[in-house]
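**Student:** How does the following fold in three dimensions:
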Amino acid sequence: MSYPSMSRRGFVAAAGTTLASATLATTPLNSARAQGAAPKALADLATIAAKKPPVVWSESSDTAAIAKVIAAFNKTWPDIKVEFIRDTGGGTLAAKVVQESQAGGTPAGVLTGDQSQFAVLDQRGLLVRPDWAALGVAQASVVSPFMVPTTSAIGVIVWNKQKVSEADRPKSLSDLTNPRWTGKAGAWLRTPVYVSMAHLMGEADVRAHLQKFVSMQPKLYDSTYRLAQEIGTGEIEVGYGLTHSTLPVMAAGAPVEFAFTDPVAISTLYTCCVSKSANPEGAQVLATWLAGRDGADAYEAATGRGNPRVEGSNAAKLVAGRKLSEYPLTDYPTFLRLLADYNKIMSTRGAR
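**Tutor:** From the prediction side, this is the model:
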């Protein structure tokens, strides 16, 4: 197998059973125990939240998947109601909150997405700044005053194993620029994972890679799910994709395989709480739960996207022992600069 720390079959099976395990662990009795063991600050917020309108959660995942996450959350916090509004692509989360706030409306209370959008909202004073540690968030996840890490996109080499042998498949990011893959390779049009790779690989090396890659007539996609699907059908043969969008294609029986690069680029998605929402107290309870083991397991089982920061999660096991590449939040200006730079390079080719 291409990832010896956990086999593909084992990982797919584990991901599929995580939510079931979480559900078994949250019977009504255990729910009461979980609430009783909660820090006082979190329990106090939950008491207030139970008397307020539903928490509205918005992000890019499929509605059916998030319904499973909400069901798992309600096993522990049954009195806090949650509704979901999908933001396809996840690129307009901040804009919608700004628009609704300016119009005097009630914006969504919980947002899960990329740091660049949430920094804008915090600068406008639209986000709650909880005491995450007092709410019970593990120290490893207390990385920002206004958001907590919830999941990570994990970059991987993907290939069609009926068309490309193990011996011939790309072993590294640079291998994707081998002339043999001209017109046969694909990637996501957006570049946050490439930006993460630059942290350890180097800005100039990643920039040179992208410039060479786009000259090879690759197929660029606005969705990594479509990228994985078209590798599966043989429309293209290789690509640089993400684990969470590749695993469902593999589970469906498509002849697709993936392997990690060295280092492994990850792009963390965060959850924040909107201060002008109808139930900011419930938003904080949900965000705290998502940052913990129960929330991480439920979210990963439902969406395929895990949180490697949470000890014991499938995502943590998947990348155990590997070098992870991502700019820290303290280097946010570099992230923004490179994102604009690399996106511009990819845009010269355009999405399919």
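**Student:** In contact with L210: list those residues for me.
**Tutor:** 191, 194, 342, 345-346 (C-beta atoms under 8 Å, 6 or more residues apart in numbering). Bear in mind the C-beta positions are built from the backbone N, C-alpha and C, glycine included.
**Student:** rerun at 10 Å
**Tutor:** L210 makes contact with 173, 177, 187, 191, 194, 341-346, 348-349 under the criterion C-beta atoms under 10 Å, 6 or more residues apart in numbering.
**Student:** likewise A134?
**Tutor:** So A134 contacts 39-42, 288 (C-beta under 10 Å, 6+ apart).
**Student:** Next, work out how far apart it and A41 are.
**Tutor:** Distance of A134 to A41, computed by C-beta to C-beta, to the nearest Å: 4 Å.
**Student:** Mutual contacts of these two, please.
**Tutor:** T288.
**Student:** buried set for stretch 253-260?
**Tutor:** Buried residues in stretch 253-260, counted by 16 or more other C-beta atoms under 10 Å: 254-260.
**Student:** sorry, that was for stretch 224-238
**Tutor:** 224-232, 236-238.
**Student:** Export these to JSON lines and append columns for secondary structure and distance to Q284.
**Tutor:** Shown next, in JSON lines, are those (DSSP: H, G, I helix; E, B strand; the rest coil; distance: C-beta to C-beta, whole Å):
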{"residue": "T224", "secondary structure": "helix", "distance to Q284": "30"}
{"residue": "Y225", "secondary structure": "helix", "distance to Q284": "31"}
{"residue": "R226", "secondary structure": "helix", "distance to Q284": "35"}
{"residue": "L227", "secondary structure": "helix", "distance to Q284": "35"}
{"residue": "A228", "secondary structure": "helix", "distance to Q284": "35"}
{"residue": "Q229", "secondary structure": "helix", "distance to Q284": "37"}
{"residue": "E230", "secondary structure": "helix", "distance to Q284": "40"}
{"residue": "I231", "secondary structure": "helix", "distance to Q284": "40"}
{"residue": "G232", "secondary structure": "helix", "distance to Q284": "40"}
{"residue": "I236", "secondary structure": "coil", "distance to Q284": "43"}
{"residue": "E237", "secondary structure": "coil", "distance to Q284": "46"}
{"residue": "V238", "secondary structure": "strand", "distance to Q284": "43"}
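**Student:** how far away is C273 from S61?
**Tutor:** In terms of C-beta to C-beta, C273 sits 18 Å off from S61.
**Student:** Over to A296?
**Tutor:** For A296 relative to S61 (C-beta to C-beta), the value is 14 Å.
**Student:** what about the two, which has more around it?
**Tutor:** A296 (30 against 22; other C-beta atoms under 10 Å).
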